[in-house]
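Undergrad: Attaching a predicted model along with its sequence, questions to come.
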Amino acid sequence: MSRLKKIGILTGGGDCPGLNAVIRAAVKTSHFRYGWQVIGVEDGFDGLIKPHKTRFLIQEDVVDILSKGGTILGTTNRGNPFSYKILKKGKIITCDYSETVIKKMRTLGIDALIIIGGEGTLKIALDFYRLGVPVVGVPKTIDNDLEATEVTFGFDSAINTAMEAIDKLRSTAESHHRVMVIEVMGRDAGWIALHAGIAGGADIILIPEISFDFNKIQQKIRQRGRQGYKYSIVVVAEGAYPKGGKVFTITPKNPLDNVRLGGIGYKIGEEISSLTGHETRVTVLGHLQRGGSPTANDRNLGTRFGAAAVRLIYQRQFGRMVCLKSGNIESVPLEEAIRQLKNVPLSHDLILTAKEMGIIFGD
Ligand code: F6P
C-alpha cells in the first residue's frame, strides 16, 4: 500500500524524559513492521541545515536507551529554520533556511519526517507541512501544556522528581523550623507545581493561572504557626506572578539565547522572611526536572507515541500529531495541536480538592 522506504526523525526544543522511548519505538516499528530505514537528525532542525548531522539509526542504536533521560539525537531550543538567528559583527541577522532543509531531505531520500517537540517545534512542523513536506508530530514537554493531548510524556517524570525534592526539603524544613520555597518549572501553566505540590503535601501552591497576594501567603504561614506548625512548604511555578505584577525573567548574556524565566522563588522567599520574620530558604529545582530516567508511565506513553507516529506515516496521514484522548492514542491536525496552550482550569478537581484541604493559592 505504501511505497515509503526511508523516514527521518528529530527532537526539537527542550529535552525531557521519554524522548528516547519515542525514538526507540519509531525505529523498531519502522524496521520490524514496515521494513523502512530510519535516519536520525541531530540537534533538531540544525541537523538538516548543517553538514554531517544525520545518521542511520539501526537496532543497535536503540538498545538500552529506554531508561535513559534526554535524547540520543540531541536537541536545541534555538534554530527555527524559517527565522534562524545568527550573530554577525555583533548584529543579529535572521535567515530563512527552510529551502535548505527541504533540499537536504530530498538529498537524503527522506520520504517523511517525525518531528518530536513542544509548541514551538510543532509550529515549525506545521510550516513545513504547509510547504508540502510530509511530517507527523509527536508532542513533548514536561510542562504538560499542550491542549490537544491529555498528557505529554516527561510530565510524570518531572512531577515525581519535584515531589521527591519536596519530600527531602520537608524534613530539613521541619528540623530547622523554616519556610521552604521550592521553585519548579512551568512557564505558562502550573501543572507541575499543582501536581508535585499536592503529591508533596505543600501548604501553599502558586501557579501562573492564579496571580497571588503576598499578604495571603504571610497570613497562611502565621496561621500555621498558631496551629503549632513551625515550618511551611511553598511550591511556586517559575511563571507565577503577584497580582498587578509580572513574571520574573533572566535576561540572557548571549543575545541569541531566549529570555528565561526565574527569580520568583527568591522574591517570595524575601517577602516571606520580611513579612513574617520566619527563617526562609529557597530551592530552584530547574533542569533537574528535565533530566533522569523516565518513569514507567513516560516510557510507555513515549513508546505508544513513537509507534503511532510511524503508523500515521504508513497511513499517509501527514500534517497530524499523535495524542492521548480518553486514554487512547489518536491524532489531530497540527493546526489544532498548536491552537492554544493548556492552562490549569480554575475549576480543576485538584484545585478544589486542595482548597478544601486548606492549601492556598495566594488569591
Ligand atoms: O518548556 C519546558 C521548559 O522546561 C520550561 O518550563 C522552562 O521555562 C524552559 O523549558 C527552560 O528552557 P531552557 O532549557 O532553555 O533553560
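TA: Good, I have the coordinates.

Undergrad: For stretch 341-348, give the mean pLDDT please.
TA: For stretch 341-348, the mean per-residue pLDDT is 97.

Undergrad: cool, stretch 353-360 as well?
TA: The average pLDDT within stretch 353-360 is 98.

Undergrad: do stretch 271-290 as well
TA: 98.

Undergrad: and the residue nearest to residue 208 when sequence neighbours are not counted, what is it in contact with?
TA: Once flanking residues are discounted, residue 208 sits nearest to residue 239: 3.9 Å by CB to CB, 6 or more residues apart in numbering. For every residue, glycine as well, the C-beta is placed using N, CA and C. Shown in contact with residue 239 (CB atoms under 8 Å, 6 or more residues apart in numbering): 186-190, 207-208, 247, 261, 264.

Undergrad: Mind doing that once more with 6 Å?
TA: 186-188, 208, 247, 261 (CB atoms under 6 Å, 6 or more residues apart in numbering).

Undergrad: Could you dump the residues you listed into a markdown table and include neighbour count and pLDDT?
TA: Below are the contacts of residue 239 laid out as a markdown table (neighbours: other CB atoms under 10 Å; pLDDT from 0 to 100):
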| residue | neighbour count | pLDDT |
| --- | --- | --- |
| 186 | 29 | 97 |
| 187 | 15 | 95 |
| 188 | 17 | 96 |
| 208 | 23 | 98 |
| 247 | 17 | 97 |
| 261 | 21 | 95 |
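
Undergrad: Go back to these and keep what's next to the ligand.
TA: 186-187, 261 (CB under 6 Å from any ligand atom).

Undergrad: hang on, the earlier thing: any idea what the residue nearest to residue 208 is structurally, helix, strand or coil?
TA: At residue 239 the chain is in coil, as set by DSSP: H, G, I helix; E, B strand; the rest coil.

Undergrad: Show the backbone phi and psi for it.
TA: Per-residue torsions, residue 239: phi -90, psi 10 (degrees, to the nearest 10).

Undergrad: repeat for residue 117
TA: phi -180, psi 180.

Undergrad: ok, how many other residues are close to it?
TA: The local packing of residue 117 (other CB atoms under 10 Å) involves 26 other residues.

Undergrad: pretty sure it contacts residue 9?
TA: No: the pair residue 117 / residue 9 is not scored as a contact, 11.4 Å apart, by CB atoms under 6 Å.

Undergrad: Please enumerate the shared neighbours of those two.
TA: By CB under 6 Å, 6+ apart, no residue touches both residue 117 and residue 9.

Undergrad: Please flag which of the ones next to the ligand among the contacts of residue 239 sit within strands.
TA: Using DSSP state E, the members of these that fall in strands are residue 261.

Undergrad: Three-state assignment for residue 354, please.
TA: helix.

Undergrad: For beta bridges, what are the partners of the residue in the stretch 251-363 of the chain that the ligand sits nearest to?
TA: Closest residue of the stretch 251-363 of the chain to the ligand, CB to the nearest ligand atom: residue 261 (4.9 Å). In this structure, residue 261 bridges to residue 249 when assessed by DSSP bridges.

Undergrad: how near is it to residue 184?
TA: Separation of residue 261 from residue 184 (CB to CB, to the nearest Å): 11 Å.

Undergrad: how long is stretch 354-363 from one end to the other?
TA: Between the start and the finish of stretch 354-363 there is a gap of 13 Å, counting by CA to CA, to the nearest Å.

Undergrad: May I see the buried residues of that stretch?
TA: 354, 359-362 (16 or more other CB atoms under 10 Å).

Undergrad: just stretch 193-213 next, same as before
TA: For stretch 193-213, using 16+ other CB under 10 Å, the buried residues are 193-200, 202-212.

Undergrad: Flag the shaky bits of this protein, pLDDT-wise.
TA: 1-2 (pLDDT under 70).

Undergrad: Which residue is most remote from the mean position of it?
TA: Within the chain, the residue lying farthest from the chain centre (CA atoms, centre = their mean) is residue 226, at 39.1 Å.

Undergrad: Tell me who's in contact with the spatially most central residue of the chain.
TA: Geometric centre of the chain, nearest residue: residue 141, 2.3 Å, by CA atoms, centre = their mean. Contacts for residue 141 (CB under 6 Å, 6+ apart) come out as 118, 152.

Undergrad: Please apply the same query to residue 342.
TA: Taking CB under 6 Å, 6+ apart as the contact definition, residue 342 lies against 145-147.

Undergrad: What of residue 220?
TA: 204, 360.

Undergrad: Wait, a strand at it?
TA: No: read with three-state DSSP, residue 220 is helix and lies in no strand.

Undergrad: for the closest residue to the ligand within the chain, what are its contacts?
TA: Per CB to the nearest ligand atom, residue 185 is where the chain lies closest to the ligand, at 3.4 Å. Going by CB under 6 Å, 6+ apart, residue 185 touches 192, 238, 289.

Undergrad: hmm, try it at 7 Å
TA: Residues near residue 185 by CB atoms under 7 Å, 6 or more residues apart in numbering: 142-143, 158, 192, 238, 289.

Undergrad: can you list the residues of this structure near the ligand?
TA: 14, 77, 118, 141-143, 185-187, 238, 258, 260-261, 290.

Undergrad: if you set the cut-off to 5 Å instead, what comes out?
TA: 14, 77, 143, 185, 187, 261 (CB under 5 Å from any ligand atom).

Undergrad: one step back: tabulate the contacts of residue 185 in JSON lines, adding columns for secondary structure.
TA: Formatted as JSON lines, the contacts of residue 185 follow (three-state DSSP):
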{"residue": "142", "secondary structure": "coil"}
{"residue": "143", "secondary structure": "coil"}
{"residue": "158", "secondary structure": "helix"}
{"residue": "192", "secondary structure": "helix"}
{"residue": "238", "secondary structure": "coil"}
{"residue": "289", "secondary structure": "helix"}
